[in-house]
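Participant: take a look and give me a structure for this.
(3 chains)
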Amino acid sequence: MPLKIKSGPFKQRLAFELNNDFMRKAVSSAQDGLGVRRDIATDQLGEWEKWREAGQEIRQHTVNNLAHYLEQFSEQATKSGAHVFFAKDDVEATNYIKQIAERKNAKKIVKSKSMVTEEIGLNAALESIGCEVVETDLGEYILQLDDHDPPSHVVVPALHKKKEQIRDVFVEKLNYKKSADPEELAKHARYTLREKFLEADLGITGCNFGVAESGSICLVTNEGNARLVTTIPKTQITVMGMERLVPTFEDLDVMVSLLTRASVGQRITSYVTLLTGPKKQEEVDGPEELHVVIVDNGRSKILGTDFQEILQCIRCGACLNVCPVYRHIGGHAYGSIYPGPVGAVLTPLLDGYEDHKELPYASTLCGACTDVCPVKIPLHSLLLKHRQKIVETEGKAPISERLMMKAFGFGASTNSVYTGGSKMAAVSLKILLKNKQSISNGPGLLKEWTNSRDFPTPKQSRFRDWMKEREGTKND
Amino acid sequence: MTKLQRNKVELPISSVYSALETNSLKEVFIESARLIRADIIETTQTNLLDTLTELIKEIPPEKVLSSIERGNTEWDAWLQANTTTWNPTLGSKNIQHAEQATVGLTYCDHALAESGTVVLLNENNKGRSVSLLPEIHVVLIPTNSIIPRLQKSMTMLSERIKQGKPIPTCINFITGPSNSADIESYLVVGVHGPLRTIYVIIDEET
Amino acid sequence: MTLRVTLFSTCLVDLFQPNVGIATVELLEKLGCEIDFPPAQICCGQPAYNSGYLHEAKPAMIHLLETFQHAEYIVTPSGSCALMLKEYEHVFQDDPKWHAIAKQVASKTYELTQFIVHVLGVTKIDTSLSGTAVFHTSCHMTRLLGAKEEPKLLLNNVENLTIQPLTGQSQCCGFGGTFSVKMGDISAEMVKEKVEHIKQVSPDYLIGADCGCLMNIGGRLSREQQTIEVLHIAEVLNQGMEG
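Facilitator: You can find the predicted model right below:
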């Protein structure tokens, strides 16, 4: 599916998701568990802050010199026998991949998890030419079987699904006859997917990191499906976002050490796989033909702007795991393949503000995301920058709010206006008190507060009045 | 390709090095390996073949696939009698063997103490499938091949590149059995890759 | 030597929590400071700035810079307002005149507990409050301003007060300024969870260092008719101290 996953207004999606008790419980529980494991793993490494600085330097340097490293990566990958294709956008990328599938007469395709392939709508494009595309990552497999339910997290895509729901999907689609026990479900997935791996003509993967000095593809996984996808089929296509490079293997050490700890609290995942070129002639397994499709799709437009730092992202999902807003609204509410803080920054950049102008406001700017990011992206500052753009350059702020802020501008800079305003507020809001100490049912915007909280009344005698009186008494 | 100016940040030292002040590489490796649910067997070079024989005694040779390079006559004889070897001349039949095998037997090129990881360089025709398709992956780890952490592994690869030497088409850093927490965040051990990983740690004799 | 402290009370204190301003003044005076209160002060501009209204926020910021540029020490009982004042440097980076003044103001701005601990050098204040309390760590003050340890240090030295561990202590309460009304539904869920965590330990007091957070959490506690008393740290430290 392409970048946007849900249509309809933000508030509508929000209302729906806030009512999803299971999802909220699952997300809170996952956040809490992952938080503990992340802390243990980062403590184990020691001096986590210094590692973050190292990670920031690597990714910042790479993004600052992206053209150089893309050229190096491309040269080296080509030398190793891979075909490298630069795709300007989703259409170019999917057309290139469809051509390979047609040329190879590849009808059975297996895929490992890749956010960028979802961004470009790859599965639908391949299905339109008669290919069977099977997602092999357990979470993505479940979602695909369940009528293409979109992912709700960048690392744990089926977080919003109950095991009973998963069992029902397996019963309906896979002739499953056992229980909702996760081990039995996983066993059945292993069994059904093993056949798919062995029969596949074409394997498609994403790319956690491209190593520029060797043109290598690095995959960081736990399940083993990415290894199978790159071992059995005769043709392999790896799709990579153009910013996902590191200069050298030494840099890769730092990035892998940061990624696995920040993402899932592991010192390293079960499999870190480095692939350089297709298989040698005398080798038996591995692809005979390897293509690397490097996707732009709006990323190059971000270079040189105030938002460039978002390109440092390594898709670890740590920001989702600490976000107090994501905790309650879940991934689908963001309406994008990329949810959470990173999604709120990235989505308007790739897909415009029109459909996504609420996302940067779905945040208290608490900074938890900035604090946890292993490559020190100032996420909360980028959200604020979006707000500034939405108001000033894009002109997409609601009119009533603009008027209120204009009034604020006067009231907060002109003493007479402030004094008049505060006295008026004290008097008018007093009407809402109705013999109580605080307001429980406010008008207009105040209603958003009083729906769930009491609101204090502005005092008749403000602090400054007390100070003035005190100064007066002092001077007597 | 010109090298660019960089202000590299000096890397902090991982705490594994403090652990290594009081424990051997082998001890630290074993502790890490336990955490990631690998099964651990300790043996010596002398006893190695006996240990392996015991380990696979219930499994017929056609279900034990090995990608170990032939070495001395004793090894060759044992492999011949007890395993099926990955044989490039058989082409894709090897993949069938791997799929039908219960055990995949490999050496590792080196191992990482910090994370309990074994590093397999799939060169000299060792076959990617051997450590992947069978249900059980048995990996032989000489204690003198254990290094502290990932850094040195990566530096060695960088060195090869700088010297213009090709690196293998496939390198795997394997840490225990496959797993997933995709269903209600419940950790399931054994998904698409091996369900069990057995580390056979071999002490070299003095 | 008596330090002359220029107090920035903040608009929330001025309009809704004058008691916090009073406690701040009395506390600082008891600690030997002289208080200067420029009556021209209004608001740091956060409500507009954090909503993306840079143009509308600037007049408020300039007014504040004019009001405070003479000060030796600017102290405010709000971590988020102290942070905003320090942000002015960045806001006016393209304006040579105001940038210079903003830089100067930033260097002499302190949140209250930061000032007490680092400038006055005081960690134990002779005060007592009997009972149990939980402390909510405000996000802007801790993560962004960096004042993490100062309030805890001061509270731990209050006689007879037991600070209880709070689940999700550093999790945002859902205030976020205009977020609390712009995204009221999400804000409500966040503050409800915060209150659930507080109720788990049934403290006598909820203590915080930022009025926005306290109004938010206090508002929910009141709605749930909880008898937990909400106090700003200035009020706690000012308790029972001899003047």
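Participant: check which helix or strand residue 86 maps to.
Facilitator: Since no chain was named, I'll use chain A. In the assignment (DSSP states H and E), residue A:86 maps to strand A:83-87.
Participant: chain C, not that one
Facilitator: Following DSSP H and E, one finds residue C:86 within helix C:79-91.
Participant: about what we covered before: what lines up beside the strand holding residue A:86 in the sheet?
Facilitator: Strand A:83-87 sits in its sheet next to strand A:289-295 (parallel), going by DSSP bridges.
Participant: after the strand it pairs with, next one along is what?
Facilitator: helix A:299-302.
Participant: gap between the nearest residue to residue B:37 once chain neighbours are set aside and residue A:355?
Facilitator: Counting by CB to CB, 6 or more residues apart in numbering or on different chains, residue B:176 is the residue found nearest to residue B:37 once chain neighbours are left out, at 5.1 Å. Bear in mind the C-beta positions are built from the backbone N, C-alpha and C, glycine included. Between residue B:176 and residue A:355 the distance is 43 Å, computed by CB to CB, to the nearest Å.
Participant: the more surrounded of the two?
Facilitator: More crowded of residue B:176 and residue A:355, by other CB atoms under 10 Å in any protein chain shown: residue B:176, with 29 against 18.
Participant: so where's the longest helix in chain C?
Facilitator: helix C:184-201 (DSSP state H).
Participant: what packs against that helix?
Facilitator: helix A:10-18, helix A:326-329, helix A:446-450, strand C:128-136, helix C:179-182, helix C:211-223 (3 or more CB pairs under 8 Å, 6 or more residues apart in numbering or on different chains; DSSP states H and E).
Participant: run the last query once more with 7 Å
Facilitator: Counting contacts by 3 or more CB pairs under 7 Å, 6 or more residues apart in numbering or on different chains; DSSP states H and E, helix C:184-201 is packed against helix A:10-18, helix A:326-329, helix C:211-223.
Participant: which residues in chain B form strands?
Facilitator: B:39-44, B:64-66, B:84-85, B:103-107, B:110-112, B:117-121, B:136-142, B:146-147, B:170-174, B:179-183, B:186-189, B:196-203 (DSSP state E).
Participant: also chain C?
Facilitator: Counting by DSSP E, the strands of chain C are C:3-7, C:33-36, C:73-76, C:109-111, C:128-136, C:159-163, C:205-208, C:229-232.
Participant: and the stretch 151-300 of chain A, by the same measure?
Facilitator: A:202-205, A:209-211, A:216-221, A:235-241, A:245-246, A:271-275, A:289-295 (DSSP state E, counting those that start in this stretch).
Participant: avg pLDDT for the third one?
Facilitator: Meaning strand A:216-221. Here strand A:216-221 scores 98 as its mean pLDDT.
Participant: so which residues make contact with it?
Facilitator: A:205, A:207-211, A:226, A:238, A:252, A:256, A:259-260, A:269, A:271-276, A:292 (CB atoms under 7 Å, 6 or more residues apart in numbering or on different chains).
Participant: rerun that using 6 Å as the cut-off
Facilitator: Residues outside strand A:216-221 that contact it (CB atoms under 6 Å, 6 or more residues apart in numbering or on different chains): A:207, A:208, A:209, A:226, A:238, A:269, A:271, A:272, A:273, A:274, A:275, A:276.
Participant: for the second one, give me the pLDDT.
Facilitator: This means residue A:208. Looking at residue A:208, its pLDDT stands at 98.
Participant: Provide a list of residues in contact with it.
Facilitator: Neighbouring residues of residue A:208 by CB under 6 Å, 6+ apart: A:218, A:219, A:220.
Participant: dump the residues you listed into a markdown table; add neighbour count as well.
Facilitator: Putting these into a markdown table (neighbours: other CB atoms under 10 Å in any protein chain shown) gives the following:
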| residue | neighbour count |
| --- | --- |
| A:218 | 22 |
| A:219 | 24 |
| A:220 | 24 |
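Participant: and which of those is nearest residue A:175?
Facilitator: Proximity of the contacts of residue A:208 to residue A:175 (CB to CB) peaks at residue A:219, which lies at 30.9 Å.
Participant: what are the C-alpha coordinates of stretch B:134-148, in CSV please?
Facilitator: Output in CSV follows, covering the C-alpha atoms of stretch B:134-148 (Å, rounded to 0.1, in the frame of the first residue of the first chain):
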residue,chain,number,x,y,z
PRO,B,134,17.6,-27.5,9.0
GLU,B,135,15.7,-27.4,12.3
ILE,B,136,18.9,-27.6,14.4
HIS,B,137,22.1,-25.6,13.7
VAL,B,138,25.2,-27.1,15.3
VAL,B,139,28.2,-24.8,15.2
LEU,B,140,31.7,-25.6,16.1
ILE,B,141,33.5,-22.8,18.0
PRO,B,142,37.2,-23.1,18.8
THR,B,143,37.8,-21.0,21.9
ASN,B,144,40.8,-19.3,20.2
SER,B,145,38.4,-17.9,17.6
ILE,B,146,36.4,-15.9,20.2
ILE,B,147,36.9,-12.1,20.1
PRO,B,148,35.3,-9.5,22.3
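Participant: so what's the gap between that stretch and the chain middle?
Facilitator: Centroid separation for stretch B:134-148 versus its chain: 4 Å, with CA atoms, centre = their mean, to the nearest Å.
Participant: pop the domain breakdown of chain C in here.
Facilitator: Per automatic domain parsing, the structural domains of chain C span C:3-118, C:123-238.
Participant: any low-confidence regions in chain B?
Facilitator: B:1, B:70, B:206 (pLDDT under 70).
Participant: how about the contacts made by residue A:258?
Facilitator: For residue A:258, the contact set (CB under 6 Å, 6+ apart) comprises A:55, A:374.
Participant: identify the residues contacting residue A:50.
Facilitator: Counting by CB under 6 Å, 6+ apart, residue A:50 has contacts residue B:12.
Participant: check what pLDDT residue A:158 gets.
Facilitator: At residue A:158, pLDDT is 94.
Participant: next, the residue positioned nearest the centre of chain A: secondary structure please.
Facilitator: Most central in chain A under CA atoms, centre = their mean is residue A:338, positioned 3.6 Å from the mean C-alpha point. Assigned by DSSP: H, G, I helix; E, B strand; the rest coil, the conformation of residue A:338 is coil.
Participant: then residue A:406?
Facilitator: Going by three-state DSSP: residue A:406 is helix.
Participant: quick one: neighbours of residue 13, just the number.
Facilitator: Just going to use chain A. Residue A:13: 20 neighbours (other CB under 10 Å).
Participant: can you look at chain C instead?
Facilitator: Using other CB under 10 Å, residue C:13 is surrounded by 27 other residues.
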